[in-house]
Structures are given as structure tokens and as C-alpha cells.
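Q: 3D model of this:
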Amino acid sequence: MVSVIIPFRNEFEEIGDVLFNLLTSCELCDIEIIVVNDGSTQNSGKFRPLTLSFPDVKVINITKPMGVGFAFDRGVESATGEIVVLMGCDVFPVRGWYEKVIKSTAKNPFSIGCAVCIGNAPPFTKHYGADLLFTVGADDLPQGSKLRDRRGGYTDLFKGKWRDKEGDEQYDLPCLMGAFYFTTKSYYKKIHGWDTEPGNYFIGHRVWSHLEPYISLKSWLYGGGCYLEPGIEAKHIFGRLDRRNKWSKGARSAEWFHWNSIFMLETMILNEFQRNRLYDFKTPELNWNVAQHYIRKHYANVERIKQRNRQEFKNDLSIFTDRFGYKFNS
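A: Residues are numbered from 1 along each chain as shown. Below you'll find the model as predicted:
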């Protein structure tokens, strides 16, 4: 069985279209669909699949918004399938994905796979995962790159940069991107997902920001890595919506974007040089200071996650460095 986890918040209209496409894209598939409602405030905050003619969809209603990382982690905890698909609520997987996911995960039970992402507007550009800009400076980017000019300087080192196609066969990928990922439940649990914990509001990743670089790095550190499966495609469909706003609205929404950056910085950076380099970048948003305050206040929990990562993961990115040219340990 394949368990498909779909988090959403306030996307009651869109979730019906996504579920209909998912079910019709594999009519005879043995799948379990888990929809995680992350604290929606519309429609009384509850998702009722019976009204959408999807009686077999399993629903987890979270009353207090906890973020997409939390939603994915709780969905995987509830999954009964050994293969899990993690997808966004703006994605239509192309027919045939089910069989290919099963074959792909059978070959790569200790890695995370990524589908080709098809854009939501003409010319419907295809994207093939991403490079990590984690250790790339402004001088390494094209002069016309928007990333060079963001906030007056290149500060967003956690950003993933879309990749061009490399080939028709499965190949290694620095960073997952595209909101349609697949792996085994056992591997997801081994790398601890997005490190969220039930009842612990100040731990793990929140909203949508930097989710892919974080879990990609964790997978590489564990020794599994990430790969792209060119035979699986997923269309992004809701170009008319600002989905980030649907997830971000709330008193602390902006702070959580920065929390994600600092949480990743504190738990995954391998040496002091890189840590100091990232802290040296200036940002005008005051919410960055708020996020730093959260980290200091809950430092014991963050430090616990960091120490666990260092003990359980290999802390050896030599394979990653050889394949993609990034020198994380320099």
C-alpha cells in the first residue's frame, strides 16, 4: 500500500480538486489518502470529506496551526503503507505515477525521491529538482539573477535553485523541489522527518519555508541522499492563488519563516565557519530577531535535536561534495 499525505490550511475548495485528480489518476491503486488540516480557520476549521464524495479519505484535523512540517510528520505517523508520498495541495500527479513510485522506492528504500515539477502557467516549464545555494555567494550567481538582488544582497542561502534536466534515467539530486516526494515510511522515521514533536510548539520546521533543503541535507547526512525520477511528473495547478498567504496568515507567520532558517542553521551546520558566515549576513526584517529569541528561549530542545543528528547521522558529506562540488566541510 502507498500512503499519500496532503497537508492543507484553508484550501477547502482546492482540496476537492486535488483528491479527485489523485483518485482518478490511479483508479485501481492500493492507496491510503491522509489529509492533514493544519488549523484551518474557514468553514469552522473542520474538513468533512463526506461532503466531497471522498468517504475513504482519512482526515487529521489539527485545531492549532502547527506548520506543514508538523502536518507531514503527523500524517506519516498515521500512515499504514510502507511507501509514503508527500505532496502539496496544489499538485496533480500525472497518470501512471503509482506504479513508478513503487518501482522507484523498491530500488531506493533509503533515499527520498522527487518528481518532475510542471509549472502552472504557459509555457508550463518543467523543473527537475534543485541545487542548494547553501554555500554559494552572490559572485557565483549570474548578474541578472533575482537572488543576487534580494533584500539588497544575497542573504537567502537556504534557497533552492531549480535545475535543468540531466537525463531520462534516475539520477542523484542535491535538493528536493516540486512538492511531490516519495520514500519508505521506515526511512522517513529514521531521519526523523522535519523534527517536529507532538505537544512541543517550538521545535521542528514550520510553514513552507526551507522545508526541502532541510530534509534533503538530513537525507544526505544519513547516507541516503535524494534523487529525481524523470518518469514521474506532477503539475502545479493553482497559479491564481497565493498559497503561502493561506499558510502564513497569523500573528507569528513571518517569524516562523525565519525560525525555519535559524532552526536549520543551529541543527545542521557542520562547522563554525559556515555558521558564522550565515549569521554575518544582514537582514532588515525585525522578525529575524524574534526568531533568534525563540531559539535562545528553547535552546535546550534545539540543542537536543542537534546532538541527536550528530550522533545518528554520518556527518560526512564527501559523497555529496564529490557529486555536486559543494565543500561543506571546508
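Q: Tyr214 is in contact with His205, isn't it?
A: Yes: applying CB atoms under 8 Å, one finds Tyr214 in contact with His205, separated by 5.9 Å. Every residue, glycine included, has its C-beta placed from N, CA and C.
Q: quick check: neighbours shared by the two?
A: Residues touching both Tyr214 and His205 by CB atoms under 8 Å, 6 or more residues apart in numbering: 194, 260, 264.
Q: any regions of this protein where pLDDT drops low?
A: Counting by pLDDT under 70, the chain has low-confidence residues at 43-55, 133-159, 238-254, 269-287, 315-317, 326-330.
Q: please flag which of the shared contacts of Tyr214 and His205 sit within strands.
A: Assigned to strands by DSSP state E, none of these qualify.
Q: out of those, which is nearest to Ala130?
A: Nearest to Ala130, judged by CB to CB, of the shared contacts of Tyr214 and His205 is Met264 at 15.2 Å.
Q: correct me, but that closest one touches His210?
A: Yes: here Met264 reaches His210: they are 5.8 Å apart, a contact under CB under 8 Å.
Q: list the contacts for His131?
A: Not quite, residue 131 is Asp, not His. Asp131 is in contact with 160-161, 163, 174-175, 324, counting by CB under 8 Å, 6+ apart.
Q: could you rerun that using 7 Å?
A: 160-161, 163, 174-175 (CB atoms under 7 Å, 6 or more residues apart in numbering).
Q: run through the bridge partners of it.
A: The residues listed as beta-bridge partners of Asp131 by DSSP bridges are Lys161.
Q: how distant is the top helix by length along the chain from the center of its chain?
A: Secondary structure assigned by DSSP state H gives helix 253-268 as the longest helix of the chain. Centroid displacement of helix 253-268 relative to its chain, using CA atoms, centre = their mean, to the nearest Å, is 14 Å.
Q: what about Gly88, distance to Ser104?
A: 19 Å (CB to CB, to the nearest Å).
Q: all helices of the stretch 101-250 of the chain, in order?
A: Applying DSSP state H, counting those that start in this stretch to the stretch 101-250 of the chain gives helices spanning 146-149, 185-190, 211-222, 243-248.
Q: for Ile60, helix, strand, or coil?
A: strand (DSSP: H, G, I helix; E, B strand; the rest coil).
Q: wait, it touches Arg74, no?
A: Yes: using CB atoms under 7 Å, Ile60 is in contact with Arg74, at 5.9 Å.
Q: who has more neighbours out of these two?
A: Shown here are Ile60 and Arg74; by other CB atoms under 10 Å, Arg74 has more neighbours (21 against 17).
Q: for that one, give its distance to Gly67.
A: Separation of Arg74 from Gly67 (CB to CB) stands at 11 Å.
Q: now swap in Pro123 and tell me
A: Taking CB to CB, one finds Pro123 at 33 Å from Gly67.
Q: so the two - more neighbours on which side?
A: Counted by other CB under 10 Å, Pro123 and Gly67 do not tie: Gly67 has more neighbours, with 28 against 6.
Q: ok, that one touching Ser209?
A: No: contact between Gly67 and Ser209 fails when scored by CB under 7 Å: they sit 9.6 Å apart.
Q: okay, now the residue nearest to Met268 when sequence neighbours are not counted: neighbour count?
A: Spatial nearest neighbour of Met268, chain neighbours left out: Leu217 (5.4 Å); criterion: CB to CB, 6 or more residues apart in numbering. Neighbour count of Leu217, defined by other CB under 10 Å: 26.
Q: with Ser186 instead?
A: Neighbour tally, Ser186, other CB under 10 Å: 12.
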